[in-house]
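# just need the structure, nothing else, for what follows:
(chains A, B and C)
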Amino acid sequence: MSSQHSVLFDAPGPRARRRIALGNVVGALVVLGIAALVVAELARKGQLSWDLWGPVFTASAWQDYFIPGLQNTLRAAGFAIVGAVVFGLVFGAGRLARSRTVRWASGVVVEFFRAVPVLLMMIFFWLLLGFNRIGTEPAFLAVVIALILYNGSVIAELVRSGVGNLPKGQSEAGLAVGLTGGQTLRSIQLPQALIAMLPALVSQLVVVLKDTALGQIITYDELLRAAQIFGNGNGNNLQTLTIAALVFIVINWALTSVARWLSRYLSGRTSGATAAGPGIGNPTVVAGKPGGPGNAIAATGDPSAM
Amino acid sequence: MGDFLSQFAELFANYDVLGAFWVNIQLTFWAAIFSLILGTVLALMRISPIASLQWAGTAYVNILRNTPLTIIMTFMFLAVWTQLQIRMSDDFATNFFRFAVIGLTVYHAAFVCEAIRSGVNTVPLGQAEAARAIGLPFLPAARLIILPQAFRGAIAPLGNTLIALLKNSTVAAAASVSTETSTLMREMIESNSDLIYAIFMTFAIGFVILVIPIGLLTTYLSNRLAVRR
Amino acid sequence: MRTRHAGAATLAALTALTLAACGGGEVGGGGEETGSGSDSGGDSIKIGIKYDQPGLGYQDGSEYTGFDVDVATYVADKLGYSADQIEWVEAPSANRETMLQTGQVDMIFATYSITDERKEQVAFAGPYFIAGQDLLVAEDNTDITGPEELEGKNLCSVTGSTSAQRIKDEYAEGVQLVERPGYAECVTALTAGQVDAVTTDDIILAGLAAQPANQGKVKVVGNPFSEENYGVGLPQDNDRCEDINTAIQEMIDDGSWEKAVTSNTEGTGYTPNADLNPPKPDACA
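Down below sits the predicted model:
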C-alpha cells in the first residue's frame, strides 16, 4: 500500500494533512454508519438474538456439521489440486510440444475446459456417473473431476506462460550441452517454471476451495451444504451461512498470505517471474499469446506481492 | 444417425435452450455494469490517501474475494429473502433475478476493484508527478490522468473478470433463478438421459461461443489501447 | 537437477500423505455407527433413509429419527438385526433405484411410493403407509383449503418433484412457483411469509410442521388430493419381501405402528387418512 502513495501523492503539506485527517474522520463515520445501519436493521429483525446464534456455537454443530463438512471440502479440494497439477503439467507440456498436432490438440482441450462453466461440468459428470452407476460417491467424483478439468487447464496455461517467461538463455544452454528439446523442457525449463509458479498454484488452490462449494448444488456434503442442513433444522440459515463463509474466508486469506510470502521468498531463487494469481479463475489471457512479461497474471497479481 | 438428429431436434423444440442462454447473458449484462461501478468506487477508495476508506475497501475486497460465490447466492435466497424478508419484486422470477444480479455484483466488484488497481499500477510514477506538477489535486488528477490510463492497462484483467462473470452466472441456480442454463441442462438430461453427451456438448459449446469472442476482443483491445511506453 | 527432481517428488509424496490422512467427513452423522457395527461382530444391514425429512427420516446430530426410521428399526429387529447392527445410508429420491441395484443398500425406507414404473427396476414390500399430496400453510391461514385456491398465490416445492407441476397443470394455472433443493428451505420461506404454501405428501409436511422451530407456526391443510403408497424398496432378487410384510403386519397389530405415527406427528394436528391407514401389505411378487 505504502508504495502506491508514492505513485499518486506527494508527501502532504500541513493543509493537505488537515484535509486528509478530516476526510479520514468523515470516511470512518460513513463506513461505521453503514455498518451500524446494517447491525440495527438485523437487530430490528431479531437476527442478533441468542436463539439464532446459540445453536451455532454448540459442540454438536461443529462435531456433526461444520467439521465433517469442512473435511469433505478439503478432501475434494486436495484431490482436485493434485489432479489439476498433473493435468496441467501434461497439457502444459503438450502446448509446448514440438509436434504441431499435439500442440493443437492440447490447445483445444485447454481452451474448451476453461470456457465451460464448472457448474455445468459438475452437473454433467454427476448425472453421467449416477446413470452409469460408476463409483459409490458420484457427487464427490463429479466435484473432483470438474475441478481437475477446469483448474488443470488454468494450470496448463500457467505452465506454458511460466516456461515462456524464463530467460531464453536457459533453453539455449540446455541445447548447447547436448540435451534434446524434450530433455531441456523436462530437466531445465519445467523445474524452474514450477518453482516460479508455486505462488500462482497456491492462489489457484483458493479458486479450487471456493469452487468446491458448487458441490452443494449437486448434493455433495461439503461445508456449505452442511451449514445449510444445520441452518434449515434451526431456522437460522443467516447465522450458519455466515459461519461457513467465515471459515472459507479465514482459510483462503491464509492461503493468499502464503502465496504472497512464497512469491517474495522465491523471487530471488528462480529466473522465472513469480506472482500470485488473482484468484478468480482465468488468470491468463484467454486467446492467449504465449505469455510475455506483460501477461495478465503479472498484471492482476497483487502488486504488494511483486 | 438420422434418428439421433430427429431426437435432438425434438429436444430443442421442447426446451428453450436459447432462452436459457439469454437469461445468463442478461444476468451477466446487469451484473457487469453494477460491478464495474461498485468496483471503480472500491478501487478509488483503495488508492485514496484516506486511511479509513483504504481500510474499508481492502476489507471489502478481502472478504468478498475469499467467499465462495455459491455461499453468496445461497445467502441471497436463504438469508436475505427468506430470513430477512426483503423483497425485490412481487413477481418471483423478477425477484430472484434481481437477487442473483446483486449476488453476482457484490462478488465480482471485488475482482473489478483489483483489476483496476492493477491497471493503476501500470501507470508510471512520472504521470502522477506530472499531474501534480501542473497543479492538479487528487481527484482531477485521478479523473484526467491516472484512471484513463489505468482503465487501458486494466482491460485484460477486466476482460478475464467478465468471462468469469458470464460463467459464474450459472451459479444463479443457487438463488432460485430456474430459467438459466445449468438448471435447464439438468432438467433436460434428467428426462432424456440417453442424450446426455449431446445435451452437455450443446451447452458447453454455447459457452465456448460466448467466451471466445470476449477473450479475442479483450486481447485485441488491450493490445490496441495499450499505452506504449 | 537431481535435487530439483527429488524436491518435486518429495512435494508430491507429502501431498499424497496429507490427502490420505484426511479422510472424508460424514455430515450430520457421528462416525460411531460404523464402530459399533464392527464391535458387535455380527452382520450389519444397510438401510437407506432420507436425512432431511424431519418426522420421517432425519439426522439430528448423530441420531436418526422419524417414522421411516422407526418402521425400519422395527422391521430390521424382526429380521434379526438389532439397532446397532443397522448402518444408515442417505438415499436421496433421485438415487434410490440405483442404490438398490448396485447393492449400496439392502433396503430403503425413504417415502418411497410404489409405482408400476419403479417396479420394473426394483421390488417393493409393504406398503407400510398411505400418504397423499397436501398443502402446508401458515397457522393463521384460512383461505387456502385446497389446491384450487392457490391461484395467484406463491408456492414452494422441491426441485425435480412432480407435485408442484401437478398443481400448476391440474388446479391453479396462475400459481407462482419457486423450487428449492430441500423441503426444509420451503418451510423456512413459509414461516417467514415469503410463500403462501408448500406442497408435497401430507406426512412429510406433518413432520416438517412438528419441528420445534416450526411448531405453532404452520399447519397441514388436511385435504389430500392424491394417493401415495409408501413401500420398502428392495433389490429385485431378494428373499426378504415376505418377512418384511409379516413384520409390518405385526407392527400394525401390536400397536407400535400407531405409536410411531403419533409420536412422529405430535403437535401438528395431522392424522393419517383413516380410510386407507393402516394399510394391508400387498402380496409379494
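# please make it C-alpha for all contacts and neighbour counts, starting now.
Noted.
# measure the residue nearest the centre of chain B to C:Glu173 for me?
Compute the mean C-alpha point of chain B, and by C-alpha atoms, centre = their mean the closest residue is B:Leu165, 2.9 Å away. Counting by C-alpha to C-alpha, to the nearest Å, the separation of B:Leu165 from C:Glu173 is 35 Å.
# where does chain B have low pLDDT?
For chain B, the stretches with pLDDT under 70 are B:1-2, B:228-229.
# near chain C, which residues of it are found?
Counting by C-alpha under 8 Å from any C-alpha of the partner chain, chain B comes close to chain C at B:Leu78, B:Trp81, B:Thr82, B:Gln83, B:Gln85, B:Asp91, B:Phe92, B:Ser176, B:Ser178, B:Glu187.
# please tell me how far C:Asn277 sits from C:Val218.
C:Asn277 is 24 Å from C:Val218, where distance means C-alpha to C-alpha.
# who's more crowded, these two?
C:Val218 (23 against 15; other C-alpha atoms under 10 Å in any protein chain shown).
# list phi and psi for that one.
Reported as degrees, to the nearest 10, the phi and psi values for C:Val218 are phi -130, psi 160.
# for it, which residues make a bridge with it?
Counting by DSSP bridges, C:Val218 is bridged to C:Ala138.
# residue contacts, residue 241?
Because you didn't say which chain, this covers chain A. Neighbouring residues of A:Leu241 by C-alpha atoms under 8 Å, 6 or more residues apart in numbering or on different chains: A:Leu224, A:Ala227, A:Gln228, A:Gly231, B:Ile71, B:Phe75.
# let's do chain C instead
C:Cys241 neighbours (C-alpha under 8 Å, 6+ apart): C:Phe124, C:Ala125, C:Leu234, C:Cys284.
# please tell me which one of those counts the most neighbours.
Among the contacts of C:Cys241, C:Phe124 has the most neighbours (other C-alpha under 10 Å), with 29 neighbours.
# test my guess that that residue contacts C:Gly233.
Yes. C:Phe124 lies in contact with C:Gly233 (C-alpha atoms under 8 Å); the separation is 4.8 Å.
# number of residues surrounding B:Ala133?
11.
# just checking, C:Val89 is part of a helix?
No. Applying DSSP: H, G, I helix; E, B strand; the rest coil, one finds C:Val89 to be strand, outside a helix.
# kindly state the beta-bridge partners for it.
With DSSP bridges as the rule, C:Val89 is bridged to C:Gly48.
# now do the same contact list for it.
Contacts for C:Val89 were tallied using C-alpha under 8 Å, 6+ apart; they are C:Lys46, C:Ile47, C:Gly48, C:Ile49, C:Val105.
# for those, pick the one with the most neighbours.
C:Ile49 (30 neighbours).
# now do the SS call for the residue nearest to it when sequence neighbours are not counted.
Leaving aside its sequence neighbours, C:Ile49 sits nearest to C:Ala110 (C-alpha to C-alpha, 6 or more residues apart in numbering or on different chains; 4.7 Å). Under three-state DSSP, C:Ala110 falls in the coil class.
# quick one, phi psi at C:Ala110?
According to degrees, to the nearest 10, C:Ala110 has phi -150, psi 70.
# with C:Tyr58 instead?
The phi/psi pair for C:Tyr58 (degrees, to the nearest 10) is phi -150, psi 140.
# hmm, it is touching C:Phe67, no?
No. Look at C:Tyr58 against C:Phe67 with C-alpha under 8 Å: they stay out of range, at 9.4 Å.
# name the residue in these two with the higher neighbour count.
Using other C-alpha under 10 Å, the more surrounded residue of C:Tyr58 and C:Phe67 is C:Phe67, with 29 against 23.
# quick one: the nearest residue to the more buried one once chain neighbours are set aside and chain B, what's the gap?
With sequence-adjacent residues excluded and distances taken as C-alpha to C-alpha, 6+ apart, C:Phe67 is closest to C:Leu56, at 4.5 Å. The gap separating C:Leu56 from chain B is 23 Å, by C-alpha to the nearest C-alpha, to the nearest Å.
# C:Leu56: how many residues sit nearby?
Using other C-alpha under 10 Å: C:Leu56 sits among 29 other residues.
# ok, it - contacts?
Going by C-alpha under 8 Å, 6+ apart, the list of residues near C:Leu56 reads C:Lys50, C:Thr65, C:Gly66, C:Phe67, C:Asp68, C:Val69, C:Ala110, C:Thr111, C:Ile203, C:Ile204, C:Gly207, C:Asn264.
# may I have the phi/psi pair for it?
phi -120, psi -70.
# and if you look at C:Thr200?
Torsion angles, degrees, to the nearest 10, at C:Thr200: phi -180, psi -160.
# wait, it touches C:Arg166, no?
No. Taking C-alpha under 8 Å as the definition, C:Thr200 is not a contact partner of C:Arg166, at 10.5 Å.
# what about these two, which has more around it?
C:Thr200 (22 against 14).
# which residues does that one bridge with?
Counting by DSSP bridges, the residues bridging with C:Thr200 are C:Asp134.
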